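Q: Give me the fold of what follows.
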Amino acid sequence: MSDAVKQITNVIQLYENNFNKLDISNFAQIAHVGAIVARIRSGIQLENEVIDKLRELEKQIAIYSRKMDKHFDQVKELMGKNSFYAEVAMNAPMLMKLMRDTLSQPIQDSVNIFEDASKRQPPLRDAYKLISLIEQKSTNPLRKAMAAESLPSRSTFNKWHDNIMRVIGEFYILELYINGLLWDADMYGPNQLKSRIETLQNDVENWRIDYENKVVWPEKTRAVIEKIQDVGTNFGKQDTLEKTFDDILTTDIFYIQVYNQCSDSNRHNFHSDPSQTIISCRRGGCCVVVYRSRHAKITRDGTSSSNIREKCKHILQIRANIDRLLQIFPDSTEILSLNIAFLDYEDIIEDYKGNISMGGIEKIPSDEFMKKYWKLMELIAFS
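A: Numbering: from 1, shown residues only. The predicted structure is shown next:
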């Protein structure tokens, strides 16, 4: 297998993987393909094996381009009032089509047509314009999409992060190919664009951190809870709330409980930090309790909640004592079953280091004992 065939095969594999990781450090191989096609400008006849591989690559690019059209259309639709986005959505796919022609028909005419088009509409220039618009909050499609949401969602952020990087990645691919085809692969343009892309990627991560730290608790969060609470069945509300809160772009973690509405306030009780708890009762035939933990997902020392659960396993050994407790206080069974308690895993660790003593449970439980009981119930529920 010749070096040219190997280089084209490597690029085919990039397209077959759909550039899933969007690792632009791998894109440089595309310039090698441009340099191979450039041989025909010097009157060199390409080998049949090389031509076959170029046509195979063109087919992979065609598949990828159809997917890319959706990304361009989404950006164009969201930013429709900005004429440049509409221009980009038209020019980049056209250049990509002409690039594919040089691969499927690697002859002087197809190369000349692509060269003329790329000089009229240089992808490097369009990429710079696009990045400049994205760097401004008012013309950033990701920022605009996030601003339309009540709570910043991870799915929306990731969608527009992906859209932006893939659209800019298209320009990078074109610039690399042009560089190999027309500029002897000196890599000046691609290297300049790569540097701008890397800076933008760092900016995007900073935006992510900004959204994670955005204050949406409790007012905006309560509004979303009540909107969900007012519609549908209680079972459906639990599912909707869980999906909604799982999608919030935050480092917090949420514990959610939905249960049937009860008129007697003695039948439900909560031990938690009021500033971290939202309780919404007597709406839509149910009560909703949401507790926000600032540290359960990642604790202050970087320990994940799954590791903390491992440390708490010894606590679960006293699970049998719960049944004993309910036998001792049979009249409290229904009330106890409705109690819900939430607290940070860090607090659990502090209060339950070592073995827990359940001594004295045959006596009337003290407030302190009941608080520990609720904590125990919470741990078992979320273990």
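Q: residue ranges for the strands of the protein, please.
A: Here the chain has its strands, by DSSP state E, at 253-260, 277-283, 286-293.
Q: May I see the ones you listed organised as a markdown table, with mean neighbour count and mean pLDDT added?
A: Backbone N, C-alpha and C define where each C-beta goes, glycine included. Below are the strands of the chain laid out as a markdown table (neighbours: other Cβ atoms under 10 Å; pLDDT from 0 to 100):
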| stretch | mean neighbour count | mean pLDDT |
| --- | --- | --- |
| strand 253-260 | 19 | 82 |
| strand 277-283 | 16 | 88 |
| strand 286-293 | 22 | 85 |
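Q: Rebuild these as CSV, extending it with distance to residue 195.
A: As requested, these are arranged in CSV below (distance: least, Cβ to Cβ, whole Å):
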stretch, distance to residue 195
strand 253-260, 37
strand 277-283, 45
strand 286-293, 40
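Q: Test my guess that residue 86 contacts residue 76.
A: Yes. Taking contacts as Cβ atoms under 8 Å, residue 86 lies within contact range of residue 76: 5.6 Å.
Q: roughly how far apart are the nearest residue to residue 104 once chain neighbours are set aside and residue 123?
A: In space, residue 104 comes closest to residue 58 once its chain neighbours are excluded; the distance is 4.4 Å by Cβ to Cβ, 6 or more residues apart in numbering. Residue 58 sits 18 Å away from residue 123, going by Cβ to Cβ, to the nearest Å.
Q: Looking at those two, which one has more neighbours?
A: residue 123 (26 against 19; other Cβ atoms under 10 Å).
Q: so the more buried one makes contact with residue 176?
A: No. Residue 123 is beyond contact range of residue 176, at 9.5 Å (criterion: Cβ under 8 Å).
Q: Point out where the stretch 51-200 of the chain drops to low pLDDT.
A: The stretch 51-200 of the chain contains residues with pLDDT under 70 at 80, 185.
Q: For it, which segments are assigned as helices?
A: Along the stretch 51-200 of the chain, the stretches classed as helices by DSSP state H, counting those that start in this stretch are 83-104, 108-120, 123-135, 141-147, 154-182, 188-212.
Q: The longest one packs against which elements?
A: The reference is to helix 154-182. The contact analysis (3 or more Cβ pairs under 8 Å, 6 or more residues apart in numbering; DSSP states H and E) places helix 154-182 against helix 29-37, helix 48-78, helix 83-104, helix 108-120, helix 123-135, helix 141-147, helix 188-212.
Q: Go through those and pick out the most buried.
A: Each of the helices and strands packed on helix 154-182 was scored by mean neighbour count; the highest is helix 29-37, a mean of 23, by mean count of other Cβ atoms under 10 Å.
Q: what's that helix packed up against?
A: helix 3-16, helix 48-78, helix 83-104, helix 154-182.
Q: the inter-axis angle of the third one versus helix 3-16?
A: Relative orientation of helix 83-104 versus helix 3-16 (axes from the mean of the first three to the mean of the last three Cα atoms, to 10 degrees): 140 degrees.
Q: contacting residues around helix 83-104?
A: 33, 37, 54-55, 57-58, 61-62, 65, 68-69, 72-73, 75-76, 79-80, 110-111, 113-114, 117-118, 121, 123, 126, 129-130, 133, 141, 167, 170-171, 173-174, 177, 181 (Cβ atoms under 8 Å, 6 or more residues apart in numbering).
Q: still on that earlier bit, now the helices and strands packed on helix 154-182 as TSV including distance to residue 222?
A: Compiled in TSV, those are given as follows (distance: least, Cβ to Cβ, whole Å):
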stretch	distance to residue 222
helix 29-37	51
helix 48-78	29
helix 83-104	36
helix 108-120	54
helix 123-135	33
helix 141-147	20
helix 188-212	19
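Q: With residue 294 as the reference, name the closest of those helices.
A: Closest to residue 294 of those is helix 188-212 (Cβ to Cβ; 11.6 Å).
Q: Contacts only, for the most centrally placed residue in the chain.
A: By Cα atoms, centre = their mean, the chain has its centre lying nearest to residue 158, at 3.8 Å. Going by Cβ under 8 Å, 6+ apart, residue 158 touches no other residue.
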